[in-house]
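1. Whatever this is, show me its structure:
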Amino acid sequence: MTDSKYFTTTKKGEIFELKAELNSDKKEKKKEAVKKVIASMTVGKDVSALFPDVVNCMQTDNLELKKLVYLYLMNYAKSQPDMAIMAVNTFVKDCEDPNPLIRALAVRTMGCIRVDKITEYLCEPLRKCLKDEDPYVRKTAAVCVAKLHDINAQLVEDQGFLDTLKDLISDSNPMVVANAVAALSEIAESHPSSNLLDLNPQSINKLLTALNECTEWGQIFILDCLANYTPKDDREAQSICERVTPRLSHANSAVVLSAVKVLMKFMEMLSKDLDYYGTLLKKLAPPLVTLLSAEPELQYVALRNINLIVQKRPEILKHEMKVFFVKYNDPIYVKLEKLDIMIRLASQANIAQVLAELKEYATEVDVDFVRKAVRAIGRCAIKVEQSAERCVSTLLDLIQTKVNYVVQEAIVVIKDIFRKYPNKYESVIATLCENLDSLDEPEARAAMIWIVGEYAERIDNADELLESFLEGFHDESTQVQLQLLTGIVKLFLKKPTETQELVQQVLSLATQDSDNPDLRDRGYIYWRLLSTDPVAAKEVVLAEKPLISEETDLIEPTLLDELICYIGTLASVYHKPPSAFVEGGRGVVHKSLPPRTASSESAESPETAPAGAPPGEQPDVIPAQGDLLGDLLNLDLGPPVSGPPLTTSSVQMGAVDLLGGGLDSLMGDEPEGIGGTNFVAPPTAAVPASLGAPISSGLSDLFDLTSGVGTLSGSYVAPKAVWLPAMKAKGLEISGTFTRQVGSISMDLQLTNKALQVMTDFAIQFNRNSFGLAPAAPLQVHAPLSPNQTVEISLPLSTVGSVMKMEPLNNLQVAVKNNIDVFYFSTLYPLHILFVEDGKMDRQMFLATWKDIPNENEAQFQIRDCPLNAEAASSKLQSSNIFTVAKRNVEGQDMLYQSLKLTNGIWVLAELRIQPGNPSCTDLELSLKCRAPEVSQHVYQAYETILKN
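-> This is a model prediction of the structure:
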């Protein structure tokens with residue numbers, strides 16, 4: 001007997017059995033078989049072999065069986081596209097079935113079958129369903145258009161489905177309206193440039209009418225759509241607010257948050273004097289409070305949104321402090337978020353209540369929560385001055401508990417209280433010093449070192465305390481090392497005779513024995529300061545510090561305005577704009593609040609405050625560098641307050657070997673209260689070559705920033721042009737150009753003083769512009785600009801400033817201030833400074849994107865008289881971050897396919913045609929495709945500039 005018996009069997013296997021059952025004549029058996037197939041599919045078995053048999057079961061009147069077959073179809077159509085075409089006839093038939101449920105089921109399944117070959121067959125049935133008499137079918141068809149658009153956008157546009165969708169906004173059935181809005185919003189999101197949802201007062205009225213009658217998710221779609229509309233005046237805004245307010249009492253929290261978003265946005269347009277404004281504020285509080293009685297996950301989302309609302313309009317919830325008190329069974333993430341909001345709402349009226357709560361929290365068992373509670377006590381002291389004394393005594397009580405992490409947090413916040421109220425609570429320093437040995441966290445150690453250095457004159461053994469930290473200097477974190485260096489230098493300037501060895505030791509540790517560039521740089525700067533001008537060192541290191549603001553953790557106003565427009569979405573939970581976490585081809589549109597119409601000034605006037613932040617309403621935060629030109633007018637034009645101004649002569653030291661014997665001269669001269677003893681300098685070999693250079697004109701040459709640095713190869717740099725003639729700026733002439741090198745954009749300026757007086761106190765600011773260009777640092781003119789003197793400065797730029805579309809697109813309005821006046825000018829920057837280094841697309845992506853961008857977005861240009869071959873052109877363009885993705889030769893013409901990406905994420909694709917070896921034809925043809933066609937003209941100008949220079 002052979003072994004073949006093991007390989008022969010009468011059993012044909014599961015698939016075979018299912019096939020037989022599917023072809024059975026009995027309806028019940030058929031249905032059971034399809035159920036078995038779906039069950040196998042659900043658990044991951046491959047039953048695609050049964051495709052033709054299952055599709056045969058579609059011809060049935062049984063709705064349940066039909067649903068099961070359609071489910072199978074959706075799953076396997078992608079892997080069996082040729083087979084799926086067999087089902088098309090049934091779809092077409094089902095779309096004309098007398099039963100509306102079957103018509104809707106057919107159209108829904110059609111949208112889910114993502115197979116290119118089938119889509120064109122589905123256009124006719126879909127068109128009929130969009131005009132179906134039954135609203136259930138119409139609402140299903142509306143969503144199907146969005147799905148079809150995702151598969152083949154061009155087909156949807158050619159077939160006119162988008163216009164039909166727009167007509168459905170006027171439908172008599174509210175659910176159809178909601179689904180049409182949802183579909184159009186979805187399509188508009190993937191094509192931000194297209195103005196699909198063209199909202200006007202009439203269509204808004206229809207949406208508001210539908211709002212009252214559709215389902216909760218329909219209401220959310222409509223409310224989100226309303227939030228993207230900007231009313232023409234405050235009366236229209238008020239009328240919309242009145243009709244949206246009833247949604248605040250809805251049971252679904254998503255509807256409530258969407259309604260809050262609409263109201264918060266339109267409140268911007270209402271005058272605060274209106275009675276309605278006050279009523280609206282009162283109506284907004286109860287729904288937000290109600291959200292806090294939901295389950296913890298929903299509470300957390302609500303609290304993250306309330307955090308934004310409280311920063312924008314604290315008056316909404318100012319009387320609701322108690323609902324934010326922590327419950328014993330709240331999860332930690334809810335507790336921490338509630339604490340944050342409690343501090344934002346703390347005021348003189350409720351501070352006693354808040355402090356009693358916080359003190360209670362500080363004795364809890366949850367370490368993270370206790371730490372945040374202790375910090376919160378400190379933040380309350382800084383925010384509400386009247387409570388500072390009570391807060392400090394509460395913190396001292398907590399220090400007495402000797403619980404390690406409580407003590408450490410308390411020391412960190414007491415440091416901030418000292419910064420806010422100098423010379424008021426220094427009596428507690430002795431208590432802090434007792435706990436020195438228990439500190440093991442970097443932040444607490446750094447805070448303690450700061451306190452000892454800052455108040456060294458009040459602490460008898462300050463040098464011993466700091467020396468105890470110095471023993472393990474290299475094991476400390478960078479934060480502690482930097483603080484220790486500064487602390488010992490402060491101590492030295494206050495008690496020079498006793499601490500000379502200590503400062504020598506710390507400077508040597510920081511410069512020669514450390515490989516941390518920040519620490520080394522700070523060490524060298526202190527060393528140079530001490531060795532050249534001790535008076536200046538005292539003025540710099542012991543300068544009066546600005547008081548700290550209570551709201552250091554406020555979200556920056558322009559970002560806050562954008563996040564208010566995203567209430568109820570993931571952006572409001574992350575507290576980041578969508579562009580920060582959404583990847584992929586979807587264009588993310590930056591939203592902003594509408595300008596106030598109630599004010600008499602124009603919203604774009606450079607002198608007005610940013611929209612939504614009238615003076616006195618928002619707490620002070622450090623303003624963004626490029627907010628508005630008018631801010632320059634508020635800059636202090638007077639001389640510096642503390643100490644005499646540094647003249648140039650005090651800085652021009654000649655060729656002093658700073659790190660050689662320089663510090664000895666410090667001790668020999670004995671200027672202003674610094675006793676003289678010998679100071680041993682470190683060996684000069686340990687100093688980088690550039691640091692031994694003589695100081696010639698102040699700190700600008702300290703690290704030789706302007707001279708002798710070879711230009712790194714970067715994109716093409718245009719020659720400097722005069723931007724502001726001297727006759728227009730009272731003798732100040734400004735020339736400049738823009739550069740991009742290794743990812744950094746700079747404005748290279750040349751300032752010439754053609755007046756008869758010295759110019760000082762320079763500052764610069766940009767108006768809002770198309771790409772958010774803003775100075776990344778102040779304008780550093782270190783020495784006064786004497787008559788007939790010229791200085792060259794490189795001003796680093798960032799692209800995170802406020803954005804406003806300019807005409808032309810690359811227009812930049814600049815204001816420059818000095819001690820004479822404020823001067824305004826505008827200039828055009830070349831677009832290639834915005835081309836980023838990671839702008840090379842891979843071939844597949846390039847091909848897909850080129851096809852995806854509509855043909856009407858393609859622009860054709862000619863670059864005349866440019867006799868370059870493909871290699872030369874490609875290499876020139878590559879140095880300016882225009883990358884060649886592919887190259888081919890067609891009928892004697894070289895075709896370069898290129899891509900580039902702008903700093904704001906816009907991609908531009910190009911096709912450059914070159915005729916090599918034909919001296920009579922030196923013109924190049926350039927085709928550009930981009931989702932934002934308005935940039936094409938400027939990209940062409942960049943091409944022309946780069947190739948011809």
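
2. ok, and what's touching the helix or strand hosting Glu297?
-> Using DSSP states H and E, Glu297 sits within helix 296-312. Here helix 296-312 makes contact (C-beta atoms under 8 Å, 6 or more residues apart in numbering) with 253, 257, 260, 264, 284, 288, 291-292, 294, 316-317, 330-331, 333-334, 337-338, 340-341, 344-345, 554-555, 560-561, 563-564, 567-568, 572-573, 575, 612. (Glycine included, C-beta is placed from N, CA and C.)

3. could you flag which of these are buried?
-> Buried members of the contacts of helix 296-312, scored by 16 or more other C-beta atoms under 10 Å, are 253, 257, 260, 264, 284, 288, 291-292, 316-317, 330, 334, 337-338, 340-341, 344-345, 554-555, 560-561, 563-564, 567-568, 572-573, 575, 612.

4. Show only the entries of the residues you listed found in helices.
-> Those of these mapping onto helices are 253, 257, 260, 264, 284, 288, 291, 334, 337-338, 340-341, 344-345, 560-561, 563-564, 572-573, per DSSP state H.

5. chain center to the helix holding Glu297: distance?
-> 19 Å (C-alpha atoms, centre = their mean, to the nearest Å).

6. Could you list the buried residues of that helix?
-> For helix 296-312, burial by neighbour count (16+ other C-beta under 10 Å) applies to 299-312.

7. same deal with stretch 775-786?
-> Buried residues in stretch 775-786, counted by 16+ other C-beta under 10 Å: Pro775, Ala776, Leu779, Val781, His782, Ala783, Pro784, Leu785.

8. Out of those residues, which comes closest to Met175?
-> Checking the buried residues of stretch 775-786 against Met175 by C-beta to C-beta gives Ala776 as the nearest, at 51.1 Å.

9. tally of neighbours for Val814?
-> 23 (other C-beta atoms under 10 Å).

10. For it, pull up the helix or strand it's in.
-> Going by DSSP H and E, Val814 is in strand 811-817.

11. Following the chain onward from that strand, which element is next?
-> Tracing the chain C-terminally past strand 811-817 and defining elements by DSSP H and E, one meets strand 822-828 next.

12. per-residue confidence averaged over the following helix or strand past that following strand?
-> Next along the chain after strand 822-828, taking DSSP H and E as the criterion, comes helix 843-852. For helix 843-852, mean pLDDT is 88.

13. Residues in contact with helix 843-852: which ones?
-> Contacts to helix 843-852, defined as C-beta under 8 Å, 6+ apart, come from residues Ala153, Gly585, Met841, Val885, Ala886, Tyr897, Ser899, Trp907, Leu909, Lys929.

14. buried stuff in it?
-> Neighbour counts over helix 843-852 (16+ other C-beta under 10 Å) mark Phe846, Thr849, Trp850 as buried.

15. Stretch 893-906 now?
-> Under 16+ other C-beta under 10 Å, the buried positions of stretch 893-906 are Asp894, Met895, Leu896, Tyr897, Gln898, Ser899, Leu900, Lys901, Leu902, Thr903, Asn904, Ile906.

16. Same list (the residues you listed) but as JSON lines, adding distance to Val244, secondary structure and pLDDT.
-> Below are the buried residues of stretch 893-906 laid out as JSON lines (distance: C-beta to C-beta, whole Å; DSSP: H, G, I helix; E, B strand; the rest coil; pLDDT from 0 to 100):
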{"residue": "Asp894", "distance to Val244": "59", "secondary structure": "strand", "pLDDT": "86"}
{"residue": "Met895", "distance to Val244": "54", "secondary structure": "strand", "pLDDT": "88"}
{"residue": "Leu896", "distance to Val244": "53", "secondary structure": "strand", "pLDDT": "90"}
{"residue": "Tyr897", "distance to Val244": "49", "secondary structure": "strand", "pLDDT": "92"}
{"residue": "Gln898", "distance to Val244": "48", "secondary structure": "strand", "pLDDT": "93"}
{"residue": "Ser899", "distance to Val244": "44", "secondary structure": "strand", "pLDDT": "94"}
{"residue": "Leu900", "distance to Val244": "43", "secondary structure": "strand", "pLDDT": "93"}
{"residue": "Lys901", "distance to Val244": "39", "secondary structure": "strand", "pLDDT": "92"}
{"residue": "Leu902", "distance to Val244": "37", "secondary structure": "strand", "pLDDT": "90"}
{"residue": "Thr903", "distance to Val244": "37", "secondary structure": "coil", "pLDDT": "88"}
{"residue": "Asn904", "distance to Val244": "32", "secondary structure": "coil", "pLDDT": "87"}
{"residue": "Ile906", "distance to Val244": "34", "secondary structure": "coil", "pLDDT": "89"}
